[in-house]
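Chemist: any chance you can model this:
(one chain, ligands or ions: 2)
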Amino acid sequence: MDRLEQKIINCIEQHRDEIITIGRDIFTHAEMGYKEYRTAQIVADRLRQLGIEPQTGLAVTGVKGYLKPRCSGPIVALVGELDALPIPAHPDANPETGASHCCGHNAQIAGLLGAAIALTDPEIAQALDGNIAFMAAPAEEFVDTEFKVGLIQKGTIRYCGGKSELIRIGAFDDIDIAVGHHISPNLPGYQLANGTSNGFVNKVVTFHGKSAHAAGSPHTGVDALNAAMLALHAIDLQRETFRDADSVRIHSFMPRAGTAINVIAEETCIESSVRGKNIPAMQDASRKYDRAIRAGAIGLGCTAEIVTVPGYLPTVPLDDPGLLTGVLQDLSAEGQTRGYHYPVDYCNADSHTAGSTDFGEVSSILPLYQFNTGGYTGELHNSNVRVTDEQLAYVETAKIFALTAYRLLKNQAEAAKKVLAGFHPTLTREEYFAFMEENDRTEVYPPASER
Ligand SMILES: [Zn+2]
Ligand SMILES: [Zn+2]
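Modeler: Ligands and ions are numbered 1, 2, ... in the order given. Model (predicted):
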């Protein structure tokens, strides 16, 4: 640790109580995606107090503030997520909306603001040969979709994912490198999070048949429930074609499946997520899914409307996450001198989760460092999530954010420049937009000409 790194740590320790207060306050005032007005206000207000005039209302509620008004050199974005989940059973759930921080995003915002407190120290800011963007991103959780689809129909947003939307409006255009955090319940310390995750598209399928008396005259009806069953079976029969390495997941539910026992179902609906570890695998599974739906429709004489909604992209790990590894190891050692015992754990590129995050989009277009911290118990997305170590959850998160940015940008931004020189994006921004457009479509099968 150099002198300024020590200064960063001391500064964050001095503001420990404030950082914890922010984490607690957001935890007990959870808000759902694209509705995080209060949380966004906390971010904007605190940045203003630090002398940063942020952009607000980005992708509805997003906030972005630069450490320096103007600056040459690389720009590192520290990204925290604003949103919560609809889990009203949590004791700290928002009593009006049922929103609760069962994914721990409150710790990201506490860490982000804690890092801003340290990095705005004039001596530290001066030592950075580049700029830092403090970014609070809305709507990471792919929930509350009816509300989000309403925003899309009104033209307020185009995509459900907050970071997808931030990319779309150009908020990442000037960003060279991003840093993201997530909590990991029951983790005793820090974790390098350089693994992979699935990407996905969602499907909303509606079969249209014809109602009839189910016992008296089924021959005059067209059974949309049977079409859905045949389609789901055909989807299952595809599974042997999915390679283990591609980690394909297709999971569905039926929000509508007819109206009564003695009525042939006129309309049924299947909603599904189609996930895969890479874009070709997602595309392949998506094509097979659509084919299976068409089989159900043609087999029973229904029509099927297949709405494909773009979700998130697979997360691409960094070739060399060594800089972040160094931060975690050094901080762990430094913490020992303060009586903290936070070991470092490593989640490397060979570690895969079949779930998804819109950090996947970010990792596809620019280098992304990600880390986890513990400090919570329970399970993500479960009402049993509790904060048990605020130092680890909030204060250590702030240190890791700040130290990572500092190490990237100190000494003429030598480290950041090296990362950028070695980085090859999976997609250009244009290819990303093309991918999103291609997966934003509605098909009615069979087409009118073939009915
Ligand atoms: Zn989550
Ligand atoms: Zn999360």
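
Chemist: which residues of the stretch 1-150 of the chain fall in strands?
Modeler: For the stretch 1-150 of the chain, strands defined by DSSP state E, counting those that start in this stretch occupy the ranges 55-58, 62-66, 75-81, 85-86, 99-100, 131-137.

Chemist: now render those as JSON lines, adding distance to M436, mean neighbour count and mean pLDDT.
Modeler: Every C-beta, even on glycine, is put in place using the N, C-alpha and C of the backbone. Below are those laid out as JSON lines (distance: least, CB to CB, whole Å; neighbours: other CB atoms under 10 Å; pLDDT from 0 to 100):
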{"stretch": "strand 55-58", "distance to M436": "18", "mean neighbour count": "16", "mean pLDDT": "98"}
{"stretch": "strand 62-66", "distance to M436": "18", "mean neighbour count": "24", "mean pLDDT": "98"}
{"stretch": "strand 75-81", "distance to M436": "19", "mean neighbour count": "27", "mean pLDDT": "98"}
{"stretch": "strand 85-86", "distance to M436": "24", "mean neighbour count": "22", "mean pLDDT": "96"}
{"stretch": "strand 99-100", "distance to M436": "27", "mean neighbour count": "26", "mean pLDDT": "98"}
{"stretch": "strand 131-137", "distance to M436": "17", "mean neighbour count": "28", "mean pLDDT": "98"}
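
Chemist: okay, these in JSON lines with distance to D2 next?
Modeler: JSON lines is the format used below for these (distance: least, CB to CB, whole Å):
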{"stretch": "strand 55-58", "distance to D2": "32"}
{"stretch": "strand 62-66", "distance to D2": "24"}
{"stretch": "strand 75-81", "distance to D2": "18"}
{"stretch": "strand 85-86", "distance to D2": "40"}
{"stretch": "strand 99-100", "distance to D2": "40"}
{"stretch": "strand 131-137", "distance to D2": "18"}
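
Chemist: which among the ones you listed is found nearest to S363?
Modeler: strand 75-81 (11.4 Å; CB to CB).

Chemist: from memory G98 sits against A84, does it?
Modeler: No. G98 is not in contact with A84 according to CB atoms under 8 Å; the separation is 9.5 Å.

Chemist: name the residue in those two with the higher neighbour count.
Modeler: A84 (32 against 16; other CB atoms under 10 Å).

Chemist: isn't that one right next to C102, touching?
Modeler: Yes. At 7.3 Å, A84 counts as touching C102 under the criterion of CB under 8 Å.

Chemist: ok, back up a step: of all the strands of the stretch 1-150 of the chain, which lies closest to K35?
Modeler: strand 99-100 (8.2 Å).

Chemist: strands paired with that closest one, and their directions?
Modeler: Sheet pairing of strand 99-100 (DSSP bridges) gives strand 85-86 (antiparallel).

Chemist: run through who's touching the partner strand.
Modeler: 30, 32, 97-103, 141, 143-144, 381 (CB atoms under 8 Å, 6 or more residues apart in numbering).
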